[in-house]
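Trainee: Okay, predicted coordinates and the sequence, questions at the end:
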Amino acid sequence: MTQPEAQGQLLHNLVLFGRLLRALGLDVNPGRMIDLAEALGYVEIGRKTDFYYTARSLLVHRREDIPLFDYAFDLFWRKPAEQGVEITGGLLRRSHPEMQPIIAPPSLQEPSAANNDDSDNEPEETQEIIEVTQTYSRREILRQKDFADLTEEEVREIKRMMAEMVWELGERRTRRQKPGAGRQLDLRRSLRRNLRYGGEMVELPRRQPKFKPRPLVIIADISGSMERYTRLLLHFIYSLAAGLEQHVEAFVFSTRLTRITRQLQGRDIDRALHEVAHAVPDWAGGTRIGDALKAFNFRWGRRVLGQGAVVLLISDGWDRGDPTLLRQEIGRLQRSAYRLIWLNPLLGSPRYEPLTRGMQAALPYIDDFLPVHNLSSLADLATHLAALTAQKRPSRRQIPLYGAAFIRR
């Protein structure tokens with residue numbers, strides 16, 4: 001075989017080896033295979049150890065993938081007479097029953113079904129199979145996938161991942177004090193403690209501010225334009241209310257406002273969401289954000305917006321009501337809340353611009369304008385909420401007044 005033919009065969013084998021590793025779950029892409037082909041020009045490929053360590057350093061990026069890489073390397077780069085390796089449906093198979101596998105994950109089938117298949121298809125020898133479940137990669141893909149594009153199976157997986165999320169809301173400083181290392185002297189404790197010294201001020205106890213978790217108020221749009229996101233967003237609201245220690249007030253609106261706090265307090269999430277669906281008379285109707293906010297401000301504002309509450313307003317901004325009324329009521333809501341956060345599922349698209357009348361009217365009064373279209377955006381929201389303790393309310397002069405210059409924090 002001439003040298004060009006040998007090089008072509010080597011590149012062909014490298015491509016097959018890369019496909020094998022990718023099918024086994026390793027993060028191998030064409031760019032890394034090109035880097036490996038170029039790196040082989042600087043090592044002695046006739047020495048198997050040099051070739052092995054070069055390939056491993058460029059193709060393996062997680063410690064837990066090293067045993068699987070070693071196993072695939074030994075099986076693939078052996079002499080043709082010893083090969084007997086095939087890959088089918090992402091499974092690495094070998095025809096040498098006398099060799100024991102390095103990694104043997106549990107079967108994906110039930111024991112009874114696996115036994116029946118073995119008894120029907122294979123005589124006496126058991127064919128060894130390495131099955132690789134790409135859990136990490138699948139979860140990462142689901143984290144980035146838009147809620148509107150999920151299948152039924154993916155929706156169930158997203159719901160399980162939502163239930164695993166940890167939520168923590170920032171704290172607020174109260175007017176009360178507690179014993180600690182603050183600057184203010186605790187005169188009562190000082191007098192009582194120093195009586196043992198005959199009235200001499202030997203010890204000077206101090207007090208420090210007391211902090212409590214901030215209240216959270218959620219106002220979610222369930223109109224027809226939000227129908228693709230409504231189910232998962234209600235599941236998100238339930239998970240958020242269950243994951244926080246403090247009390248969470250929840251409202252939904254389409255053409256009118258409905259309080260669903262009581263319905264979300266049940267332990268069974270399916271039953272809770274079923275009760276929410278029955279309690280809302282205008283599900284998937286029109287959108288009147290201004291009317292809903294006016295009802296909230298005049299009926300519920302004083303009850304739930306005390307003690308520095310944070311308000312999450314979830315809507316795509318498609319409003320059929322009066323923009324003047326929306327501007328007036330969202331301004332009133334922002335002045336009453338510690339922080340007003342607008343969550344828009346359309347903001348996840350890079351081509352989105354808030355040009356609708358509703359968003360144009362609301363943007364000057366929004367403290368934070370954030371996306372809520374996938375699980376990754378919810379994780380960013382959790383980080384943002386946990387950091388609210390140290391944040392100050394932004395000045396009205398710092399908030400953009402026009403649609404294209406909106407806030408992304």
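Mentor: Looks like it arrived, so ask away.
Trainee: my read: I260 touches A250, true?
Mentor: Yes: contact criterion Cβ atoms under 8 Å: I260 and A250 qualify, at 5.1 Å. Backbone N, C-alpha and C define where each C-beta goes, glycine included.
Trainee: where exactly do the strands run in this protein?
Mentor: Remark: strands assigned in the chain by DSSP state E are 85-88, 91-94, 129-130, 171-180, 184-185, 206-213, 216-221, 248-253, 257-259, 310-314, 339-344, 368-371.
Trainee: which one of those strands lies closest to E64?
Mentor: Closest approach to E64 among the strands of the chain (Cβ to Cβ): strand 129-130, 14.4 Å.
Trainee: separation between R32 and L11?
Mentor: 14 Å (Cβ to Cβ, to the nearest Å).
Trainee: And the lengthiest helix in the chain, what does it pack against?
Mentor: In the chain, assigned by DSSP state H, the helix with the most residues is helix 3-23. Judged by 3 or more Cβ pairs under 8 Å, 6 or more residues apart in numbering; DSSP states H and E, the packing partners of helix 3-23 are helix 30-39, helix 48-59, helix 66-76, strand 85-88, strand 91-94.
Trainee: hmm, try it at 7 Å
Mentor: Counting contacts by 3 or more Cβ pairs under 7 Å, 6 or more residues apart in numbering; DSSP states H and E, helix 3-23 packs against helix 30-39, helix 66-76.
Trainee: hey, which of those helices is tucked in deepest?
Mentor: Comparing these by mean neighbour count (mean count of other Cβ atoms under 10 Å), helix 66-76 ranks first with a mean of 17.
Trainee: Skipping adjacent residues, who's closest to Q328 in space?
Mentor: Spatial nearest neighbour of Q328, chain neighbours left out: G290 (7.6 Å); criterion: Cβ to Cβ, 6 or more residues apart in numbering.
Trainee: Any idea how many residues pack against that neighbour?
Mentor: Around G290 there are 23 other residues, counting by other Cβ atoms under 10 Å.
Trainee: Give me the phi and psi for E200.
Mentor: phi -70, psi 140 (degrees, to the nearest 10).
Trainee: dump the residue contacts of it.
Mentor: Contacts of E200 were listed using Cβ atoms under 7 Å, 6 or more residues apart in numbering, and they are N194.
Trainee: got the contact list for S239?
Mentor: S239 is in contact with M162, A163, M165, counting by Cβ under 7 Å, 6+ apart.
Trainee: Against Q184, how distant is F147?
Mentor: Between F147 and Q184 the distance is 49 Å, computed by Cβ to Cβ.
Trainee: of the two, who's got more company?
Mentor: Set F147 next to Q184 and count neighbours by other Cβ under 10 Å: F147 wins out with 23 against 11.
Trainee: ok, back up a step: so what's the residue nearest to Q328 up against?
Mentor: G290 touches D319, G321, D322, L325, L326, E329, counting by Cβ under 7 Å, 6+ apart.
Trainee: again, 8 Å this time
Mentor: D319, G321, D322, P323, T324, L325, L326, R327, Q328, E329, I330 (Cβ atoms under 8 Å, 6 or more residues apart in numbering).
Trainee: Just the buried ones among those residues, please.
Mentor: Among the contacts of G290, the ones that count as buried by 16 or more other Cβ atoms under 10 Å are D319, G321, D322, P323, L325, L326, R327, Q328, E329, I330.
Trainee: shaky segments in the stretch 101-250 of the chain?
Mentor: Counting by pLDDT under 70, the stretch 101-250 of the chain contains low-confidence ranges at 101-137.
Trainee: domains of this protein?
Mentor: 3-130, 176-211, 214-398 (automatic domain parsing).
Trainee: I'd like to know which of these is closest to L142.
Mentor: Among the domains of the chain, domain 214-398 sits nearest to L142 (Cβ to Cβ), with 6.5 Å.
Trainee: Could you give the number of residues near I289?
Mentor: I289: 29 neighbours (other Cβ under 10 Å).
Trainee: Can you read off the pLDDT for it?
Mentor: Listed pLDDT for I289 reads 95.
Trainee: Roughly how far does it sit from R335?
Mentor: 17 Å.
Trainee: repeat for L355
Mentor: 26 Å.
Trainee: cool, G25 as well?
Mentor: 53 Å.
Trainee: okay, these two: which has more neighbours?
Mentor: Using other Cβ under 10 Å, the more surrounded residue of G25 and R335 is G25, with 17 against 12.
Trainee: Surely the more buried one is in contact with A72?
Mentor: No: in this structure G25 lies outside contact range of A72 using Cβ under 8 Å: 10.5 Å.
Trainee: Show me what the nearest residue to R299 once chain neighbours are set aside is bridged to.
Mentor: Once flanking residues are discounted, R299 sits nearest to L257: 7.8 Å by Cβ to Cβ, 6+ apart. Taking DSSP bridges, one obtains F253 as the residues bridged to L257.
Trainee: Let's see the pLDDT reported for T261.
Mentor: The model reports T261 with a pLDDT of 93.
Trainee: and it, how many residues sit next to it?
Mentor: Neighbours around T261, by other Cβ under 10 Å: 16.
Trainee: mind listing what it touches?
Mentor: Counted by Cβ under 8 Å, 6+ apart, T261 has contacts V248, E249, A250, F251.
Trainee: State the distance from the second one to F369.
Mentor: Using Cβ to Cβ, one obtains 22 Å as the distance from E249 to F369.
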